[in-house]
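Enquirer: Predicted structure and sequence below. I'll ask about it afterward.
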Amino acid sequence: MKPEVTVVLENYTYLECPRWHSGRIWVSDFYSQQVISAEADGSDVRVEAEVPQQPSGLGWLPDGRLLVVSMRDQKILRREDDGSLVVHADLSSYVDANLNDMLVDARGRAYVGNFGFDLMNLATPATADLLRVDPDGSVHVAAKDLYFPNGMAMTEDGELLVDETIGNRVSAFAVRPDGSLGERRDWVKFAELPDMGDVTAALGQLVVAADGCCIDTDGTLWVADALGQRVVHLAHGKGIIDQLEFDTGVFACGLGGDDGRTLFVCAAPDFNEHQRKVETAGKLLAVRV
């Protein structure tokens, strides 16, 4: 179905990682290098942080301090109470490509994905490790050999769901008390793994390019399809149960608003950084669900 869409924010480069926090919607704008927040209707826009090496995933420690992914130098930054940004963790020795999305759990443990290869310059695909950063800044490999670990969500019973953007699947992991993960299993499988010998061929074999996501109160998952101009609604064991179709590319989504029933969707013509850097066609959309 094509939903009724409201434009919340526009004239940005490429918005990602929408988060509802403290009564406001927060997003990262990749190529203006800013984290911004606004009221649900797009008013009262504030620059919350400036991240020269490109902001991405967002989350908060239990004490309220913001964590933000710095993609290109592969760090997690922490915003202190005075507004300054400091390095919370340096992941550069663990990864060979850009960081991307992040989920911070109730204990302040940050699970961080990464590309695994140079997507924007069409390098040969490679698997990537999912990393865990504990509240003290220590870094641990949480899971290995994932296919572009990206958007994440935590279920009510404590499983971590991970979108594998070029893996044709959403994976699930049991989370142990110390934050380590159990064995990977399919939560939803869209199709077989694509051919990893060539990125163009791999992208062409994706049924859903699962990007940013959010979990609903009934345990279903809303997932932006980075190649399909749609947000798919997934249920464990059933796959796609519904979808919202858009007239533009969509790359992340998050539930929020005063009643939690507004789906905020990050939209742009495509995810090609070479074009997004020189245009301001990025928008934040809102759909009632």
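Expert: Nice, thanks for sending it over.
Enquirer: residues near residue 174, how many?
Expert: 14 (other C-beta atoms under 10 Å). Where you see a C-beta, it was placed from the backbone N, CA and C, and this is true even at glycine.
Enquirer: For residue 40, see how far away residue 289 is.
Expert: Per C-beta to C-beta, to the nearest Å, residue 289 is found 14 Å from residue 40.
Enquirer: buried stuff in stretch 176-193?
Expert: Residues of stretch 176-193 classed as buried under the neighbour-count rule (16 or more other C-beta atoms under 10 Å) are 179, 181, 184, 187, 188, 190.
Enquirer: and the last one, what pLDDT?
Expert: Translated: residue 190. pLDDT recorded at residue 190 is 97.
Enquirer: State which helix of the chain is the longest.
Expert: Taking DSSP state H as the criterion, the chain has its longest helix at helix 199-204.
Enquirer: residues making contact with whichever helix or strand comes after that one?
Expert: Downstream of helix 199-204, the first helix or strand assigned by DSSP states H and E is strand 210-215. Under the contact criterion C-beta atoms under 8 Å, 6 or more residues apart in numbering, strand 210-215 has outside partners 16-18, 101, 150-155, 161, 163-165, 169-170, 190, 221-226, 251-255, 263, 266.
Enquirer: Sitting in strands, which of those residues do you find?
Expert: Among these, the members falling in strands are 16-18, 101, 150-154, 161, 163-164, 169-170, 221-225, 251-255, 263, 266 (criterion: DSSP state E).
Enquirer: on that earlier part again, export only the CA atoms of the longest helix of the chain, formatted as CSV.
Expert: This file holds the C-alpha atoms of helix 199-204, laid out as CSV (Å, rounded to 0.1, in the frame of the first residue of the first chain):
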residue,chain,number,x,y,z
VAL,A,199,28.8,-6.4,-5.7
THR,A,200,26.6,-5.5,-8.7
ALA,A,201,25.5,-9.1,-9.1
ALA,A,202,25.0,-9.5,-5.3
LEU,A,203,22.8,-6.4,-5.1
GLY,A,204,20.8,-7.7,-8.1
